[in-house]
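**Student:** For reference, the sequence and a predicted model appear below.
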Amino acid sequence: MDLATLIGLFGALGVILSAIMLGGSVGTFVNAPSIAVVIGGTIAVTLTQVSLGEFFGSFKVAMGAFLYKQSKPEQLIDEAIELADTARKEGILALESKEIGDPFLDSGVRFCIDGHPTEVVQKMLSKDINLTLERQNVGIRMFKSVAEAAPAMGMIGTLIGLVQMLANMDDPKQIGPAMAIALLTTLYGAIIANAIALPIAAKLKKISSEERLNKLLILESISGIQDGTNPRVLQQLLTTFLPENKREAVLKDK
Amino acid sequence: MDLATLIGLFGALGVILSAIMLGGSVGTFVNAPSIAVVIGGTIAVTLTQVSLGEFFGSFKVAMGAFLYKQSKPEQLIDEAIELADTARKEGILALESKEIGDPFLDSGVRFCIDGHPTEVVQKMLSKDINLTLERQNVGIRMFKSVAEAAPAMGMIGTLIGLVQMLANMDDPKQIGPAMAIALLTTLYGAIIANAIALPIAAKLKKISSEERLNKLLILESISGIQDGTNPRVLQQLLTTFLPENKREAVLKDK
Amino acid sequence: MDLATLIGLFGALGVILSAIMLGGSVGTFVNAPSIAVVIGGTIAVTLTQVSLGEFFGSFKVAMGAFLYKQSKPEQLIDEAIELADTARKEGILALESKEIGDPFLDSGVRFCIDGHPTEVVQKMLSKDINLTLERQNVGIRMFKSVAEAAPAMGMIGTLIGLVQMLANMDDPKQIGPAMAIALLTTLYGAIIANAIALPIAAKLKKISSEERLNKLLILESISGIQDGTNPRVLQQLLTTFLPENKREAVLKDK
Amino acid sequence: MDLATLIGLFGALGVILSAIMLGGSVGTFVNAPSIAVVIGGTIAVTLTQVSLGEFFGSFKVAMGAFLYKQSKPEQLIDEAIELADTARKEGILALESKEIGDPFLDSGVRFCIDGHPTEVVQKMLSKDINLTLERQNVGIRMFKSVAEAAPAMGMIGTLIGLVQMLANMDDPKQIGPAMAIALLTTLYGAIIANAIALPIAAKLKKISSEERLNKLLILESISGIQDGTNPRVLQQLLTTFLPENKREAVLKDK
Amino acid sequence: MDLATLIGLFGALGVILSAIMLGGSVGTFVNAPSIAVVIGGTIAVTLTQVSLGEFFGSFKVAMGAFLYKQSKPEQLIDEAIELADTARKEGILALESKEIGDPFLDSGVRFCIDGHPTEVVQKMLSKDINLTLERQNVGIRMFKSVAEAAPAMGMIGTLIGLVQMLANMDDPKQIGPAMAIALLTTLYGAIIANAIALPIAAKLKKISSEERLNKLLILESISGIQDGTNPRVLQQLLTTFLPENKREAVLKDK
């Protein structure tokens, strides 16, 4: 479903690869030690900042985030209104038998059924939202630190190459190719940072903020359900979570 | 109506184009693979961070924002005062027959007529303001990420060109033109970022913050109307939304 | 009165100009197309982000800010204490006949005389302070965007010049002068940003925050006057707005 | 236990060292004056910003942070629930005989036993959390300022080397090696900043924010214990501090 | 007492100077016009942003800050506890005869003796803290703007030198020395920013935040004294302002 992300990631690398192939031999751009310096160094620097578990876990987190199907706000609103209707007519305990699609909405409704007072439910759910956000930030920050480490290691590699070249300039013919190799690490670093790590970090952030918005919508719904708000009023309140052009559809629906 | 923006966008590109033409043949500055790397790469990197819908939608959003005619604060104040007058004399229900120009003011008045208590109305409208702001930020962030991706792809293209040139320096005469081509991607990236994407992002942000200010003014008006504030007092309060040199006109008006 | 700003602006340009003249002919540094690219491009990019009115208005705003004579906090305190004294002895309506120097203090006192309750007066004045700040930020941001656009256009100009030079390197003797011209746009951009736009933006920000502090002092004074605070206590409270070495003078004064 | 950090720190330096050794003699990369400029200068600049005590203390702080074993949130929850159970059944004073593993939880429980009212306990503990955060930030900022000073001193060293080389270009054969030496300081600065100081600062920040989260969990627990919250409800509230996949384990546990 | 700062400032300049002297004649690095451009330009740009009084005043502020002896938190706690003891036993008026070392604590106690209610005292002291912070920020920002202006002027100077050199490349032997001179302004700018202005700004910021922490401790003490808090409880609250390893000493003391 995250078609754009897949197209984007492979598209960017494809564009770079075709630019390389168009200009001649690909071999010029492959240099094992340079690859080792940039990728090895980037991994090492990133590892310093996290635990081993988080390092390997964050790839799973990233994959999970790309595959995770977010509930659509429209559906959440419909589901919440239905629950509010039932709760109003038959009492909150009637919600027990309902099947609820979204897990966060489900756990919120369970809290209500358990009979916790409104403030406690709101506090638990708010805390959950904030702490989930903090946990997701750990993954985002890891990809950001990759995006900072890769160009830095690329620059260090290029400086090492330049010093080696400058210190031994006996054969002028070797200067060009030596500089070419020295520049490779900078190129690798720029590609890793700009075509891979930064876009992934941005995507994770976007997913995280969409999830937060959904959860805020649910928080509002639960509050309305528990307070016995008129479902019609609740619906009007919840539609503010939608962009204006989608509000009509939801409101007419009812 | 956004004449300045149009003049600016075309002016910047015009100035750059004339600088290119003045220096000789335009052909030197056109290189299909370089264009493909920078534009293709920038689109790909941007796509990674958004959904396909948002990518194409944001151009519509941008166009819409440029064409959308913002209500003038002075008019909003006049309209709000008139409504407050009517509400005070004939009751809030008398507003039902009024034609209201601004859609946000209109929906606020509808909420009042529906009989929601003040806090509920304020909460709905505040939520609407904040969530609209968040939605507009998505578009702004997309143009900002274009402004970051374009120079990055430009640098990657230049590095690829430099490596190719340095690895094959047999014919010294080719060094100059090869470097010229290598630099083109950097030039493209700089133009896309600085003459197109960044100004559009800044303009969208400005439109968004003007709209927010208008909506805050309306929020204040609705609150005044619902609380039955003296229209004269309300007017004094609302004129603080205007710069000092425009306040007199509005206050004398009455 | 803003002697330092005048000395600074002309001093910076003077220092740069003398560095140019010292090194030989000034003519080397004047190149009409380069000037057109940087200044024209910077104006165009800035225009994109604002309206025509704001663009021309902001020069007036800047001039006005430099010429506007800020009230001194010490004088404001003296004036406020006097008003508080009068209000306490003869009632708030006695303030009607007073001549008040500062326009913001004056409008605050008028609100009190009009009989608005304390919260309404505080709300109106606070709103005024915040919205004035937002309006002044528009001007500050415009000069900041000039400071970002100028070096960007300078770099674009230099890249164009470099590409033209590298593509036509038939006459080695022309390389030097051609590069000199290419670098001129970068130089222009750096001068516009660092010696003109950034200092003006910083100065406007400083003026704006001084005005804000003055208005906060007045807000506090009005609150004290309306609540009938003991003028002696009010004075102690207001002197916290002064640096420690100036407090004694004000306190002894009384 | 901070295996990842150790692997990372030594890995990054190892990768850089092998890149140097692969390219030829290590001697080319060792230049005593260059080392003195970068390391000496960085230490000096950092010293300017702190006190002697803090400078030497921060190494101890860093070591301590790496070795300090953080309590696991799961254990803290278990411990807190047990305490809440006891307090509910036998009264808060019964906690006196309990052995509590975590020092912050222990001091919180002591405050409860001492009979301070809830607000005072919460205030003391919150203050403790915020002030500990501020103190840890001092150490983080020191390593960040090292990461800023090192590249700056590296650039200053390279500029000095370049000026010396350019002023005496009699022997063209010396240009290469001289530039190699000039570049060394930039290389040193980049290594110190990117492979040592920045990762340590990031790690310290991460440890600090994990500790903060643990302490917020304890704050919540103490509040629940003192208010006599149902241990089952408290447990549900505390599990929001865990990522979703770990919650089940804790909840089933009971 | 600020030994580290002195060692740091002179150490950094000493390291740079020895690097210069080691490489040959110091004369290569002294160029009057370059010095004039960088120092003159930096002063001019900084002057633009401040008033003449602030410009000269800020050196006094900086010197004062370095020489000002901050009260130690431990001493403040001891003093506050003693005052709280006296106030509890003999009444607040008994504090009148006490000699109080710290001026802020002293003025706070005076406010209590004057009989102002708790909220007024807290408001006055809080305002004092915030406004002192804002005033100190003016000085910090001035040194930061020096740190931004110096490298900018250095770059402008280098660009001027490069243009002059490139425009007149008749004698190839002059290229090296001319570039050496052109680079000098960049070197000066880097030294002024990184070895002088930035460290001073960081130090001032650190002093300012230490002073703020001390004043917050005093604010808390005054509140406790005025509310008649048990001195033992107050002491526990105040020790949270100390790092953990220093708390024991204070608590045992009593």
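**Tutor:** Cool, got the structure.

**Student:** Quick one: the helices in chain A, in order.
**Tutor:** Applying DSSP state H to chain A gives helices spanning A:3-22, A:32-35, A:41-49, A:52-67, A:73-90, A:103-113, A:118-167, A:175-191, A:198-227, A:231-239, A:244-253.

**Student:** To B:Met142, which of the ones you listed lies closest?
**Tutor:** Relative to B:Met142, the nearest member of the helices of chain A by C-beta to C-beta is helix A:198-227, separated by 10.0 Å. C-beta here means a position set from N, CA and C on the backbone, and glycine is covered the same way.

**Student:** what about the single nearest residue of chain A relative to chain C, neighbour count?
**Tutor:** Going by C-beta to the nearest C-beta, chain C is nearest to A:Gly176 of chain A, at 16.1 Å. When neighbours are counted by other C-beta atoms under 10 Å in any protein chain shown, A:Gly176 registers 17.

**Student:** pretty sure it contacts B:Met169?
**Tutor:** Yes. Applying C-beta atoms under 8 Å, one finds A:Gly176 in contact with B:Met169, separated by 3.9 Å.

**Student:** Can you pull up the most central residue in chain A?
**Tutor:** A:Leu204 (0.8 Å; C-alpha atoms, centre = their mean).

**Student:** Was I right to think that one contacts A:Ala62?
**Tutor:** Yes. Under the criterion of C-beta under 8 Å, A:Leu204 makes contact with A:Ala62 at 6.5 Å.

**Student:** Distance-wise, check the residue nearest to the centre of chain A relative to A:Thr5.
**Tutor:** Per C-beta to C-beta, to the nearest Å, A:Leu204 is found 10 Å from A:Thr5.

**Student:** With A:Gly23 instead?
**Tutor:** In this structure, A:Gly23 and A:Thr5 are 28 Å apart, going by C-beta to C-beta.

**Student:** How about the contacts made by A:Lys98?
**Tutor:** By C-beta atoms under 8 Å, 6 or more residues apart in numbering or on different chains, A:Lys98 lies in contact with A:Leu83, A:Thr86, A:Val109.

**Student:** Columns distance to C:Glu119 on top of those, output as TSV?
**Tutor:** TSV is the format used below for those (distance: C-beta to C-beta, whole Å):
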residue	distance to C:Glu119
A:Leu83	40
A:Thr86	43
A:Val109	40
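
**Student:** Give me the buried subset of those.
**Tutor:** By neighbour count, with 16 or more other C-beta atoms under 10 Å in any protein chain shown, these hold A:Leu83, A:Thr86, A:Val109 as buried.

**Student:** Just give me the closest of those residues to chain B.
**Tutor:** Within the buried ones among the contacts of A:Lys98, proximity to chain B (C-beta to the nearest C-beta) peaks at A:Leu83, which comes in at 19.7 Å.

**Student:** just checking, that closest one touches A:Thr229?
**Tutor:** No. With contact defined as C-beta under 8 Å, A:Leu83 does not count as touching A:Thr229 (11.7 Å).

**Student:** Nearest to A:Leu198, out of the contacts of A:Lys98: which one, please.
**Tutor:** The shortest gap between A:Leu198 and any of those belongs to A:Val109, at 38.7 Å (C-beta to C-beta).

**Student:** Name the nearest residue to the closest one, sequence neighbours excluded.
**Tutor:** A:Leu95 (5.3 Å; C-beta to C-beta, 6 or more residues apart in numbering or on different chains).

**Student:** wait, that neighbour sits on A:Phe111?
**Tutor:** No. Here A:Leu95 does not reach A:Phe111: they are 11.0 Å apart, not a contact under C-beta under 8 Å.

**Student:** Quick check: the gap between the residue nearest to the centre of chain A and D:Leu183.
**Tutor:** As judged by C-beta to C-beta, A:Leu204 and D:Leu183 stand 37 Å apart.

**Student:** just A:Gln49 next, same as before
**Tutor:** Using C-beta to C-beta, one gets 28 Å for the distance from A:Gln49 to D:Leu183.

**Student:** cool, A:Ile140 as well?
**Tutor:** 35 Å.

**Student:** Kindly report the residues of the stretch 101-250 of chain A close to chain B.
**Tutor:** Listed as neighbours of chain B in the stretch 101-250 of chain A under the rule C-beta under 8 Å from any C-beta of the partner chain: A:176-177, A:179-180, A:183-184, A:186-187, A:190-191, A:193-195, A:198-200, A:202-203, A:206, A:209, A:213, A:233, A:236-237, A:240-241, A:243-244.

**Student:** Take those residues and, keeping just the buried ones, write it as a PyMOL select command.
**Tutor:** Per 16+ other C-beta under 10 Å, the buried members of those correspond to this PyMOL selection:
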select buried, chain A and resi 176+177+179+180+183+184+186+187+190+191+193+194+195+198+199+200+202+203+206+213+233+236+237+240+241
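
**Student:** How confident was the prediction at A:Val37?
**Tutor:** Per-residue confidence (pLDDT) for A:Val37: 92.

**Student:** which residues touch it?
**Tutor:** With C-beta under 8 Å, 6+ apart, A:Val37 has these contacts: A:Met153, A:Ile156, A:Gly157, A:Ile160, A:Thr185, D:Val15, D:Ile16, D:Ala19.
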